[in-house]
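**Student:** pasting the sequence and the predicted model now:
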Amino acid sequence: MKKLLLSVFALTTYVSVNAQCNELFISEYVEGSGNNKALEIFNPTPNPINLNNQYRLIRYNNGTSAASGEANSQAMINLGSPVIASGQSWVIVIDKRDPAQPCPGNECAVDLALQAKADTFLCPTYAVSYTMYFNGNDALSLQKTINGGATWNYVDIFGMMGDAAMVTGTAWSDAFPYDGSAGAWWTIDQTLVRKPGVLQGVTVNPSPEFIVTTEWDSLPKNTYTGLGQHTCNCPTASVNEIENSVSVTIFPNPVNTDHFNISSTEAIEFVEIYNTIGQQVIHKNGNKTDKGMFVETGNLAKGVYIVKVSFAKNKISVVKLSIQ
């Protein structure tokens, strides 16, 4: 069983303790049209991390200082208690899914392609999810407490808190002086992905400037294809980096009913589902002739799971599954 779990989650052993790969960080930032905004949080450590109500996100609106932003309770989101497996990421999106809402508009629905990437949807009320209504001139921080909220430590910082240029500026740019007055804007109408060589978050407010190109790569507006997986040089591997032997499709994914369907290009021998701490929660045998399978999930809690599909000749494919 131990060998199986290691293969499913692709966990490698640290040769030595790597202090740079020991904490969560923001791995992707989506600032798209309308309400198409998302943050991806990545676990670079060799172990699953239960957020256990010890992490929060804060938005520093339009050049707000650290002190002012952190004094505003509306600006904070407690991230709850999801478990992020080693080498896995967790995608946060605002819960605006009503297709009847007109675009543009404050209630405009999130793109279906972005909805499909979400691991969690946050309450759409502005006062509750103020943090996720960020724009290109807002800084963000991911923080952790180890004493029940009496003090908070910076785990990662995006942008620059207290940047006076952002009071009237629109976004940080890719050219000196990086305050948006020169070069191309990068933090608005863009998807930003953390470079693979980034092994930890920024824990000290950038000074004198936030230079976005140091740690981030840019993709076009409303690009969501990379959400849910992240490439990092920390000595741990993502499930998404396993070379799948057979093409497999799960529908729907995320699952919002009591079942899902698997289709593949080869006959399925059996399917196993694991939770994020490595426990097998479902095992279902196939008939070794059908290339599809119906799997009931009514007994599974909401969250992220790993689906391992096995075929003849020791072929396997591994897919990330979200249950809502």
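**Tutor:** That came through, no problem.
**Student:** contacts, neighbours, all on C-alpha from now
**Tutor:** OK.
**Student:** SS state for the residue nearest the centre of the chain?
**Tutor:** Closest residue to the average C-alpha location of the chain: residue 40 at 2.5 Å, with CA atoms, centre = their mean. Look at residue 40: counting by DSSP: H, G, I helix; E, B strand; the rest coil, its state is strand.
**Student:** contacting residues for the nearest residue to residue 165 once chain neighbours are set aside?
**Tutor:** Spatially, and ignoring its direct neighbours in sequence, residue 165 is nearest to residue 179 (6.1 Å; CA to CA, 6 or more residues apart in numbering). By CA atoms under 8 Å, 6 or more residues apart in numbering, residue 179 lies in contact with 165, 166, 169, 171, 172, 173, 209.
**Student:** mind running it again at 10 Å?
**Tutor:** The neighbours of residue 179, taking CA atoms under 10 Å, 6 or more residues apart in numbering as the test, are 137, 163-166, 169-173, 185, 209-211.
**Student:** show me what residue 192 bridges to in the sheet.
**Tutor:** residue 29, residue 218 (DSSP bridges).
**Student:** okay, the spatially closest residue to residue 205 that is not a sequence neighbour: pLDDT?
**Tutor:** Leaving aside its chain neighbours, residue 205 sits nearest to residue 160 (6.1 Å; criterion: CA to CA, 6+ apart). For residue 160, the model assigns a pLDDT of 98.
**Student:** and the residue nearest to residue 165, how far from residue 169?
**Tutor:** 7 Å (CA to CA, to the nearest Å).
**Student:** who touches both of the two?
**Tutor:** With CA under 10 Å, 6+ apart as the test, residue 179 and residue 169 both reach 137, 163.
**Student:** so which residues of the stretch 51-200 of the chain form strands?
**Tutor:** Applying DSSP state E, counting those that start in this stretch to the stretch 51-200 of the chain gives strands spanning 55-60, 76-78, 83-84, 89-94, 120-122, 139-144, 153-158, 190-194.
**Student:** cool, and the stretch 201-324 of the chain?
**Tutor:** 216-219, 248-251, 259-264, 270-274, 280-285, 292-296, 303-310, 316-323.
**Student:** tell me how far the second one lies from the chain's centre.
**Tutor:** The one in question is strand 248-251. Centroid separation for strand 248-251 versus its chain: 20 Å, with CA atoms, centre = their mean, to the nearest Å.
**Student:** which of the residues in it are buried?
**Tutor:** Neighbour counts over strand 248-251 (16 or more other CA atoms under 10 Å) mark 248, 250 as buried.
**Student:** outside of that strand, which residues touch it?
**Tutor:** So strand 248-251 is in contact with 259-266, 291-294, 307, 309, 316-321, going by CA under 10 Å, 6+ apart.
**Student:** where does the prediction get shaky in the protein?
**Tutor:** By pLDDT under 70, the low-scoring segments of the chain are 1-19, 236-243, 276-278.
**Student:** tell me the residue furthest from the middle of it?
**Tutor:** Farthest-from-centroid check, the chain (CA atoms, centre = their mean): residue 289, 36.4 Å.
**Student:** show me the contacts for that one.
**Tutor:** 266, 267, 268, 269.
**Student:** can you report how many residues lie near the first one?
**Tutor:** Right, residue 266. A count of nearby residues for residue 266, using other CA atoms under 10 Å, gives 18.
**Student:** quick one: residues contacting it.
**Tutor:** Taking CA under 10 Å, 6+ apart, one finds 246, 247, 248, 288, 289, 290, 291, 292, 310, 311, 312, 315 in contact with residue 266.
**Student:** for the last one, same thing?
**Tutor:** Listed by CA under 10 Å, 6+ apart, the contact partners of residue 269 are 284-291, 309-312, 314-316.
**Student:** how does it look with 6 Å?
**Tutor:** 286, 288, 310, 311 (CA atoms under 6 Å, 6 or more residues apart in numbering).
**Student:** thank you kindly, that will do.
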